[in-house]
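K.L.:
Provide a 3D model corresponding to the input given below.
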Amino acid sequence: MADAAGLIIGEPQTGLPTSAPAFSNGTVSASNAGVGFVFQALNANAITGFKFRYGARTGTPPTFVATIEGVSASTGFPDGADVGGASPTAVTFTPPADATWDGTQRSVTFTNAYTPSRGQRLAITIRHSSGTIDGSNNSSFTTEVQNFVGGNSTASHPYALRLSAGTWGKRTTIPVFGVATASEVYGNPMSGLYATNSAGTDGHRHALKFTIPANLCSTFKVRGVMYAASIAGSTGINPILGLWSAGGLIQDVTLDSDIEQVASSNYVFNLHYFNEATLTALDAGTAYYVGLQVAGSSRVCLNGFQLAASADLAAYPGGSNWHFATYNGASWTDDQTVRPFVGLILDDMSFTGGGGGGGLIIAGGGGLAGR
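P.N.:
Purely as a prediction, here's the structure:
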């Protein structure tokens, strides 16, 4: 075994929430208004579509156009030119004149796919295309989600923008968007936030189901967990933070609301270490569960991103193999439309060969997760 030096693996690239996250919408109510997202292409795969979160409709929305544009080297703003040139990417869409889209993720397929170079800086914009647009007939689009680690000034790149009276302005919090190719999704696609205290029976669990890729290492040990959660009640609450396989409990630590700053509200930051004298070596390529188990009649909730589709897991560390799961006292149930806010703190790893990491984010173990 090699000391993993407290590396953190799998934490969402947004970091952990500092308080209840909140979506921020930009209203497009004029022909010279819009929203946009600047990002780098993940690879050279053709970009085929775009995922956005719709805010709300007012009156009868007009027709909008989504376009992949270039980015000005001097300002960082969209340059107004469709990168597709003679094969334009621009695609129009018209939201319904009712509330069915409100607060949901929507997807569009570009008229023509665009093949970028790896790391190419691009902008995807939504602007007015046709139809009556004014204060009584418009739409809002989610540009960011706020209240993650770093407060309200957390996003330097990628970033969201809003166009007002013909002038672009950059936003400073986590952008909400998804870029789709034929085989993957990247960005920060989401439809909402998960904060449902559905585990309230003794022995029931909320967990992250995860698999460390077999080509990343042979075995690994988990020292601790960073996560965002809620635990109902203020005194006498003793849920269990556990690590399980399909066969049962591997490691655990009992939490104590009488000595910890446990709050009943959601999105409370937690960092806990397992207290077994000897940590168990886990097998890469095997699925495990880490999360909270109800003790008594308390209620627990592991918070996370609510996704519109399981395919959107590809945008987050671990991909489709890292997602929400619940346990009802007898069996586990997977939910691939929720990505919990969880990062694993590693202790030891053993290696047999090289390979890719499945999109996992690995961070240094200094500070809170340090040795």
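
K.L.:
what's the burial count for the closest residue to residue 58 other than its chain neighbours?
P.N.:
Excluding its sequence neighbours, the residue lying closest to residue 58 (CB to CB, 6 or more residues apart in numbering) is residue 138, at 5.0 Å. (Glycine included, C-beta is placed from N, CA and C.) The number of residues packed near residue 138 is 23, by other CB atoms under 10 Å.

K.L.:
just the one 4 residues further on next, same as before
P.N.:
Number of residues near residue 142 (other CB under 10 Å) recorded here: 23.

K.L.:
is it correct that it is in contact with residue 24?
P.N.:
Yes: with contact defined as CB atoms under 8 Å, residue 142 counts as touching residue 24 (6.9 Å).

K.L.:
re earlier: how near is the residue nearest to residue 58 to residue 93?
P.N.:
As judged by CB to CB, to the nearest Å, residue 138 and residue 93 stand 14 Å apart.

K.L.:
likewise residue 255?
P.N.:
Distance, residue 255 to residue 93, using CB to CB: 47 Å.

K.L.:
could you pull out the helices for the stretch 101-250 of the chain?
P.N.:
Taking DSSP state H, counting those that start in this stretch, the stretch 101-250 of the chain contains no helices at all.

K.L.:
where does it dip in pLDDT?
P.N.:
By pLDDT under 70, the weakly predicted segments of the stretch 101-250 of the chain are 149-154, 232-235.

K.L.:
where along it do the strands fall?
P.N.:
Taking DSSP state E, counting those that start in this stretch as the test, the strands found in the stretch 101-250 of the chain are 105-114, 121-130, 138-148, 159-164, 167-170, 174-175, 178-181, 185-187, 192-194, 205-211, 219-231, 240-245, 248-254.

K.L.:
pipe the ones you listed into CSV and attach distance to residue 71 per row.
P.N.:
Listed next are the strands of the stretch 101-250 of the chain as CSV, based on distance: least, CB to CB, whole Å:
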stretch, distance to residue 71
strand 105-114, 14
strand 121-130, 5
strand 138-148, 16
strand 159-164, 10
strand 167-170, 11
strand 174-175, 14
strand 178-181, 14
strand 185-187, 15
strand 192-194, 29
strand 205-211, 35
strand 219-231, 33
strand 240-245, 44
strand 248-254, 47
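
K.L.:
so which of these gets nearest residue 11?
P.N.:
Comparing the strands of the stretch 101-250 of the chain by their distance to residue 11 (CB to CB), the top pick is strand 219-231, with 6.4 Å.

K.L.:
packing partners for the closest one?
P.N.:
Judged by 3 or more CB pairs under 8 Å, 6 or more residues apart in numbering; DSSP states H and E, the packing partners of strand 219-231 are strand 268-273, strand 282-283, strand 287-293, strand 300-302, strand 342-350.

K.L.:
any chance of those strands in TSV, plus distance to residue 173 and mean pLDDT?
P.N.:
Putting the helices and strands packed on strand 219-231 into TSV (distance: least, CB to CB, whole Å; pLDDT from 0 to 100) gives the following:
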stretch	distance to residue 173	mean pLDDT
strand 268-273	18	82
strand 282-283	35	96
strand 287-293	27	96
strand 300-302	23	86
strand 342-350	20	90
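
K.L.:
of those strands, give the one that comes closest to residue 189.
P.N.:
strand 342-350 (18.4 Å).

K.L.:
name the helices or strands packed onto the closest one?
P.N.:
By 3+ CB pairs under 8 Å, 6+ apart, strand 342-350 packs against strand 2-3, strand 8-9, strand 205-211, strand 219-231, strand 287-293.

K.L.:
can you put the ones you listed in a markdown table and add distance to residue 163 and mean neighbour count?
P.N.:
Below are these laid out as a markdown table (distance: least, CB to CB, whole Å; neighbours: other CB atoms under 10 Å):
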| stretch | distance to residue 163 | mean neighbour count |
| --- | --- | --- |
| strand 2-3 | 50 | 11 |
| strand 8-9 | 37 | 24 |
| strand 205-211 | 38 | 24 |
| strand 219-231 | 33 | 23 |
| strand 287-293 | 42 | 23 |
